[in-house]
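> Take this sequence and fold it.
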Amino acid sequence: MAFNKSVTLSSQYHQLTPPSNAVDGITKCPDYTFLAATNYNENRWISIQLGGKYNITMVAIHARTDLNGMWMCMKW
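Down below sits the predicted model:
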């Protein structure tokens, strides 16, 4: 439903971690450039424009790992 939709993050950690990475459909990645990452601050958020009204009963969030198996920022 959110695949390739318009996304806004509360902040962007790095130019190589754009909001669009959150809805690209990729759930595994070789490095951080596949993440949608915010800065390390309180009250982080993501907004995805779905283009209509939906009765959403579940949201799947995939946390990605780097090559060393360390958890990276949450991929929304």
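> Please, which helix or strand holds residue 8?
Element membership of residue 8 [criterion: DSSP states H and E] is strand 6-9.
> For the residue nearest to residue 10 when sequence neighbours are not counted, grab the count of nearby residues.
Spatial nearest neighbour of residue 10, excluding adjacent residues (C-beta to C-beta, 6 or more residues apart in numbering): residue 45 at 4.6 Å. From N, CA and C alone the C-beta is placed, and that goes for glycine too. Neighbour count of residue 45, defined by other C-beta atoms under 10 Å: 10.
> so how far is stretch 45-53 from its chain's centroid?
Relative to the chain's own centre, stretch 45-53 is displaced by 13 Å; criterion: C-alpha atoms, centre = their mean, to the nearest Å.
> Surely residue 44 is in contact with residue 38?
Yes: if you go by C-beta atoms under 8 Å, residue 44 and residue 38 touch, sitting 4.4 Å apart.
> Touching both of the two, which residues are there?
Shared contacts of residue 44 and residue 38 (C-beta atoms under 8 Å, 6 or more residues apart in numbering): 9, 10, 11.
> Would you tell me which one of those residues comes nearest to residue 32?
Closest approach between these and residue 32, by C-beta to C-beta: residue 9, at 14.7 Å.
> For the protein, which segments count as helices?
For the chain, no helices are identified by DSSP state H.
> Many thanks, I have nothing further to ask.
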